[in-house]
Each structure stands twice: as C-alpha cells, then as structure tokens.
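Colleague: Attaching a predicted model along with its sequence, questions to come.
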Amino acid sequence: MREALVIDDHPIVRHGIADLLQKAFPDIKVRESQGGTALMDDICGHPWAFVVLDMNLPGRDGLDVLKKAKATCPNVPIIVFSLYSEEQYAARALRAGAKAYVSKDRPPEDLLDIVKTVLRGGRVVSSSVMLSRPQLSDREVQVLSMLTKGMSGKEIARLLRIHEKTVSTYRARLLQKLHLRTIVDLIRYGAKEGFVE
C-alpha cells in the first residue's frame with residue numbers, strides 16, 4: 001500500500017487533513033507528523049506518494065525546509081498547505097520545488113483535486129500565481145513578514161543573522177517595490193496581504 005504524510009503542528013488541522021485524505025484515497029495510508037526535530041527524516045525517510053507540508057512550522061522557515069527536502073529527496077512530491085498569501089508565496093514554493101501550493105482558505109475539494117493531479121505526476125499552478133504583482137525576493141518576504149508581526153529592526157537582524165543596516169536596506173526596497181511611503185503602510189500591507197498567520 002502506498003503511503004502519504006501530513007505535516008502540521010496543529011493537531012486538529014493535521015488530523016482533519018489526514019482524515020479527509022484517508023477517506024478520499026482509501027488505497028493510500030495517510031500518516032501524520034507534527035514537524036518536530038526529525039522533520040527531514042520524516043520527509044525523506046520514506047518513498048511517500050505525496051507529502052502535505054505546512055509552510056509555517058515553529059522555529060522553521062517553510063521555504064528553507066522545502067528547499068532542503070528537494071535537495072535531499074527530490075522524488076518526493078510535496079504539496080505546500082498554508083495560510084500565507086497565495087499570490088506572494090505560491091510562486092516561491094513552486095520555484096523551491098513544490099508540486100502545488102494550497103491556501104488553507106480553499107474548500108476541501110480543491111485540496112483533493114490538487115492531490116489527484118500530483119498523484120498523476122502533475123504540477124498545480126493557480127491563476128493567482130500568474131497575476132502581475134510586485135515580485136519580492138525570499139529575504140524581502142521574510143523581512144516583511146517579521147515587520148508585520150511587529151518585530152523591530154534589531155530583532156529581525158538577530159533572527160536572520162544579518163546587520164541591522166541590512167534590515168533597513170530591505171525595508172527601503174520593500175517601500176519602493178510596493179509603492180508605499182511609511183513603515184506603517186508597509187505593516188498594513190503585510191497584514192492585508194496575509195504575510196503573517
């Protein structure tokens with residue numbers, strides 16, 4: 001029997017997704033992981049039919065996890081499942097090697113359709129990814145997300161292990177790319193566009 005893995009740190013969400021998938025795909029045994037210290041072993045330690053990976057796990061950057069997984073076990077199909085803005089994060093997840101990106105606000109049927117496509121060897125790119133929007137680098141997205149959470153430049157510099165002046169440079173780039181004037185505008189934009197869960 002083929003097996004699939006659902007990785008999410010919220011037990012109710014994880015059980016709900018696993019139960020939904022198990023009922024829809026009875027020939028696939030759906031297992032669960034909370035994404036703890038053995039996360040990479042969970043992803044790469046088995047020839048999964050597919051993996052549903054939450055983008056926001058405690059203490060981990062979802063894109064970094066995805067990139068590392070694709071470098072270590074490139075044949076494991078990974079579906080990213082997240083509350084983050086599809087318009088800004090889906091393209092990055094797909095570039096990092098995800099087979100699909102599913103926003104948690106989509107109906108359950110969408111997830112099932114996407115899984116069917118991935119099982120057939122396909123890749124899913126939603127129409128929102130194709131929209132013309134400001135293209136931000138992965139680091140700019142990280143900085144914007146942290147600013148939206150209310151972190152100071154000093155806190156961001158410490159967490160990203162970069163100089164505080166570098167954070168200021170990213171902030172200035174974000175203001176320019178997004179055509180905004182103040183940090184308050186930037187934080188409002190980040191909140192509105194879903195840069196924080």
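Modeller: All right, it came through fine.

Colleague: contacting residues around the closest residue in space to residue 35 that isn't next to it in sequence?
Modeller: The shortest distance from residue 35 to any non-neighbouring residue, by C-beta to C-beta, 6 or more residues apart in numbering, is to residue 57 (4.2 Å). In short, each C-beta sits where N, CA and C put it, glycine included. Contacts of residue 57 were listed using C-beta atoms under 8 Å, 6 or more residues apart in numbering, and they are 7, 9, 35, 39, 65.

Colleague: Could I get the full set of strands for this protein?
Modeller: 2-7, 28-33, 50-54, 78-82, 100-103 (DSSP state E).

Colleague: Of all these, which one is nearest residue 21?
Modeller: Nearest to residue 21 among the strands of the chain is strand 28-33; the distance by C-beta to C-beta comes to 4.8 Å.

Colleague: That closest one packs against which elements?
Modeller: Under the contact definition 3 or more C-beta pairs under 8 Å, 6 or more residues apart in numbering; DSSP states H and E, strand 28-33 sits against strand 2-7, helix 11-24.

Colleague: Need these in CSV (columns: mean neighbour count and distance to residue 47).
Modeller: Shown next, in CSV, are these (neighbours: other C-beta atoms under 10 Å; distance: least, C-beta to C-beta, whole Å):
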stretch, mean neighbour count, distance to residue 47
strand 2-7, 20, 8
helix 11-24, 15, 17
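
Colleague: got these as a markdown table, with distance to residue 50 columns?
Modeller: Formatted as a markdown table, these follow (distance: least, C-beta to C-beta, whole Å):
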| stretch | distance to residue 50 |
| --- | --- |
| strand 2-7 | 5 |
| helix 11-24 | 9 |
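
Colleague: With distance to residue 141 and mean pLDDT added, can I get those in CSV?
Modeller: What follows is these, written out as CSV (distance: least, C-beta to C-beta, whole Å; pLDDT from 0 to 100):
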stretch, distance to residue 141, mean pLDDT
strand 2-7, 21, 96
helix 11-24, 23, 96
